[in-house]
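**Q** Sequence first, predicted model second:
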Amino acid sequence: MILKFPRVLRIEWSDLPGVPVVAIASLAVTSLVLSVRYLGGLQALELLAFDHMVQLRPQAEPDPRLLVVAITEKDLKQQNRWPIADQVLAQALANLQKAQPRLIGLDIYRNLPQPPGHRAIIQQLQAPNVIVIQNLGDGDGDGIPPPDYVPSDRVSFNDVVTDADGVIRRNFMFGSTEQAEYASLSLLLAQRYLAAQRIFPQQPWSRYEAVRWGQATFTPLQPNDGAYQNADAAAYQVLLNYRTGKPVARQVTLAEVLQQSFEPAWVKDKIVLIGATAPSLNDRFFTPYSSAVGKNPAEAGENNPTMPGVFIHAQMVSQILDAVSGDRPLFWFWPEWAEILWIASWAVVGGSIAWIIRQPFTLGLSGIIMLGGIAGSCFGLFLHQGWVPLMTPLIAAVVTGGVVVNYRAQQAHRQQKTVMTLLGQNTSPEIAAALWSGRDRLVKSCKLHGQRLTATVLFTDIKDFSTVSEQMSPEALLNWLNEYLSVMTQEVQTHHGIINKFTGDGMMAVFGVPIPRTSTDEIAEDAKRAVACALAFGDRLRELNPGWQERGLPMVQMRAGIFTGPVVVGSLGGKDRLEYGVIGDSVNIASRLESCEKHRHVDMCRVLIAQETLEHLNQQFAVEAWGLLALKGKQQMVDVYRVLGWQSSQSEAIAPALTHLETVQEPFVAKVDIETKTVDSH
């Protein structure tokens with residue numbers, strides 16, 4: 001039987017609905033990822049990506065407009081108390097005022113007297129350039145009030161907003177209590193500093209809407225801005241644009257201020273913030289620069305990279321001043337529809353790459369490039385103050401690619417199973433697997449290209465079939481032939497050959513295709529399998545004939561011709577119908593061996609081989625030399641042998657054949673005719 005590859009059975013990836021598969025997978029994955037995102041399931045990953053981008057971007061130099069007076073652990077030991085006495089703080093303020101600062105922000109609560117020196121601190125806090133703080137708390141009266149002797153226009157709050165992982169990423173600029181509305185310490189300091197330059201906000205903050213101020217437009221953060229999902233965006237908040245992970249401004253200690261061991265130029269016309277940096281006071285917070293995200297700052301210890309609260313307020317002041325002056329823009333975000341489109345687009349890209357590229361290494365490399373493209377695009381936008389989702393499109397692309405690859409794998413498995421089933425009906429499993437592994441070349445050109453190799457060809461035929469067929473009805477003849485051929489086909493497959501074609505009552509089987517044999521041992525193995533298969537035909541006939549005789553069916557004798565030599569294998573026919581053809585003079589010789597000397601038939605299955613096959617049998621079979629015979633259509637004589645059986649059972653018959661082989665000076669090799677030829681059945 002011919003192996004046929006009609007167009008309806010060809011396996012081509014291009015024939016599969018690639019666009020719908022990618023579209024459906026992208027839509028499904030995007031919907032799933034967006035659902036998880038809206039529920040807040042991806043916010044932690046996005047915030048982690050935000051932190052890494054903050055760390056990777058270039059850091060600015062310390063802000064020259066600011067000075068931080070730090071109350072360190074050494075200062076606490078020198079003062080031997082906390083809170084420090086009013087007299088000490090008053091002396092520090094007096095020393096700073098001598099250097100003419102533009103503003104002083106006191107990030108220390110002074111709602112209660114800390115004697116001695118209470119009258120002195122009251123006097124210092126009356127200066128119009130001093131800003132004090134309160135703590136708003138949660139609105140239930142648990143906050144910390146400001147000093148009652150400071151006017152409300154110089155009172156701010158130092159409350160900060162942390163995300164669920166304990167990191168400060170937002171600047172809480174404006175809020176209110178039941179009694180009044182307040183600006184944050186950073187906002188009030190920035191407003192007063194810029195007011196001296198005649199730069200004022202154009203709208204009141206209390207409306208909680210966009211405020212145009214200098215070169216910047218401040219827009220209150222919304223719950224779903226950037227990668228946030230349902231964030232607590234109450235009051236007036238903006239995303240905090242950190243200046244640097246290093247000290248944001250020049251720093252002096254409280255002891256240096258008390259001793260006046262600082263340069264007056266460091267203070268003149270500067271914004272001075274006074275606050276505690278001692279780790280023991282626990283006024284430290286995690287920032288995007290921290291390495292221990294999510295832990296409790298109070299339990300982190302001195303080695304944890306947290307940032308003192310006074311430095312965070314300095315970061316906020318620096319952000320506002322830079323934004324208003326146009327030096328560092330505020331963060332911006334895409335609208336919701338743009339983010340959805342962004343995520344869906346990368347899902348399509350991931351699915352398309354997985355569909356188009358089939359080679360694993362190339363697919364993996366393309367996937368890495370794609371992920372680099374996502375990360376690079378997001379980081380490029382981040383460098384221009386744009387915060388767009390990074391992890392969500394990355395996950396969408398990877399998951400979509402995985403879905404498409406899985407779909408393709410399942411499709412390939414189903415197709416392989418179908419094709420292997422079809423091929424397995426006519427070939428051994430090894431041959432079927434070889435054809436499947438070469439399917440790419442097959443479907444690319446719609447044919448198997450011609451290939452020259454050495455194979456062993458086996459032809460069979462039933463003795464006196466014409467006489468037998470005259471005595472049976474066509475239906476009975478067909479059923480009987482199918483029963484006979486199915487048994488013979490099973491033997492061919494068992495011996496690792498393929499049925500190339502059925503010729504009515506006979507068949508053509510080939511051993512050694514389509515996998516090229518590259519060594520003498522492999523060619524010899526094919527020859528041995530072909531001869532063993534022919535002998536097995538005789539054994540099966542001895543089993544079948546008694547049963548056929550009992551059913552009134554003809555008993556069968558058959559002939560087999562075997563030849564080993566060069567052939568050309570490949571597709572024959574057009575694109576709508578292909579046959580796996582085996583052509584060459586070796587095929588013709590095998591056919592003529594089967595049909596020669598028909599009258600010399602004494603076995604259940606007469607097996608004739610040529611010297612070219614005998615040379616590969618390694619004396620494993622007993623043979624009988626028939627000498628040089630003239631085969632039909634052949635000009636040269638062929639040295640023919642009849643196979644008697646396996647050497648172990650026919651040892652006495654091998655001697656004549658071996659004696660004859662010793663007299664042969666040079667083996668005969670048939671000339672290859674690669675042109676297409678027809679082969680007679682008889």
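**A** Arrived safely.
**Q** got the buried residues for stretch 524-544?
**A** 524-538, 540-541, 544 (16 or more other Cβ atoms under 10 Å). For every residue, glycine as well, the C-beta is placed using N, CA and C.
**Q** same thing with stretch 397-411?
**A** Neighbour counts using 16+ other Cβ under 10 Å place 397-405, 407-408 of stretch 397-411 among the buried residues.
**Q** CA atoms only for it, dumped as CSV, please.
**A** Output of stretch 397-411 as CSV, limited to C-alpha atoms (Å, rounded to 0.1, in the frame of the first residue of the first chain):
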residue,chain,number,x,y,z
ALA,A,397,2.1,38.6,28.2
VAL,A,398,3.7,35.6,29.9
VAL,A,399,0.4,33.9,30.7
THR,A,400,-1.1,34.5,27.3
GLY,A,401,2.1,33.1,25.7
GLY,A,402,1.9,30.1,28.0
VAL,A,403,-1.8,29.5,27.1
VAL,A,404,-1.0,29.6,23.4
VAL,A,405,2.1,27.3,23.7
ASN,A,406,-0.1,24.9,25.7
TYR,A,407,-2.8,25.1,23.0
ARG,A,408,-0.2,24.5,20.3
ALA,A,409,1.2,21.5,22.3
GLN,A,410,-2.2,20.0,22.7
GLN,A,411,-3.0,20.6,19.0
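**Q** how far is that stretch from where the chain is centred?
**A** Relative to the centre of its chain, stretch 397-411 is centred 9 Å away, using Cα atoms, centre = their mean, to the nearest Å.
**Q** Could you tell me which of the buried residues of stretch 524-544 are located in helices?
**A** Among those, DSSP state H puts 524-538, 540-541, 544 in helices.
**Q** Let me see the contact set for A233.
**A** 220-223, 225 (Cβ atoms under 8 Å, 6 or more residues apart in numbering).
**Q** separation between it and L45?
**A** Taking Cβ to Cβ, to the nearest Å as the measure, A233 falls 20 Å from L45.
**Q** circling back to that earlier point, sort out for me which of the buried residues of stretch 397-411 are in strands.
**A** Nothing among these maps onto strands, per DSSP state E.
**Q** Just the ones in helices from those, please.
**A** Among the buried residues of stretch 397-411, DSSP H puts 397-405, 407-408 in helices.
**Q** Point me to the helix or strand that includes N171.
**A** Assigned by DSSP states H and E, N171 belongs to strand 170-176.
**Q** Other residues contacting that strand?
**A** Strand 170-176 is touched from outside by 136, 157, 159-161, 163, 181-184, 186-187, 205-206, 208, 218, 221, 234-240, 316, 319-320, with contacts defined as Cβ under 8 Å, 6+ apart.
**Q** Just the buried residues of the residues you listed.
**A** Neighbour counting by 16+ other Cβ under 10 Å classes 136, 157, 159-161, 163, 182-184, 186-187, 205, 218, 221, 235-240, 316, 319-320 among the contacts of strand 170-176 as buried.
**Q** Counting only strands, which of those residues make the cut?
**A** Among those, DSSP E puts 157, 182-183, 218, 236-239 in strands.
**Q** which of those residues sit farthest apart?
**A** Maximum pairwise distance in those, criterion Cβ to Cβ, is 20.9 Å, between Y182 and L239.
**Q** Show me what the top strand by length along the chain packs onto, helices and strands only.
**A** Looking across the chain with DSSP E, the single longest strand is strand 558-574. Packing partners of strand 558-574 (3 or more Cβ pairs under 8 Å, 6 or more residues apart in numbering; DSSP states H and E): strand 451-462, helix 520-550, strand 577-583, helix 585-595, strand 605-610, helix 611-614.
**Q** That strand to strand 605-610, inter-axis angle?
**A** Orientation of strand 558-574 against strand 605-610 (axes from the mean of the first three to the mean of the last three Cα atoms, to 10 degrees) gives an angle of 60 degrees.
**Q** Give the buried residues for strand 558-574.
**A** For strand 558-574, burial by neighbour count (16+ other Cβ under 10 Å) applies to 558-572.
**Q** likewise stretch 48-68?
**A** Residues of stretch 48-68 classed as buried by neighbour count (16+ other Cβ under 10 Å): 48-51, 53-54, 62-63, 65-68.
**Q** how about low-confidence regions in the stretch 351-500 of the chain?
**A** Counting by pLDDT under 70, the stretch 351-500 of the chain has low-confidence residues at 415-416, 418-449.
**Q** residue ranges for the helices of it, please.
**A** Here the stretch 351-500 of the chain has its helices, by DSSP state H, counting those that start in this stretch, at 360-383, 391-424, 429-437, 439-445, 465-470, 474-494.
**Q** Pull the residues that contact the shortest one.
**A** Here helix 465-470 makes contact (Cβ under 8 Å, 6+ apart) with 462, 477, 504-505, 554.
**Q** Please identify which of the residues you listed is nearest to A249.
**A** So of those, ranked by how close each gets to A249 (Cβ to Cβ), first place is G504, at 100.0 Å.
**Q** what's the burial count for the closest one?
**A** Counted with other Cβ atoms under 10 Å, residues neighbouring G504 total 14.
**Q** Y484 versus that one, what's the distance?
**A** G504 sits 11 Å away from Y484, going by Cβ to Cβ.
**Q** re the thing from before, the strand holding N171 pairs with which strands, parallel or anti?
**A** Strand 170-176 has the following strand partners under DSSP bridges: strand 181-183 (antiparallel), strand 236-239 (antiparallel).
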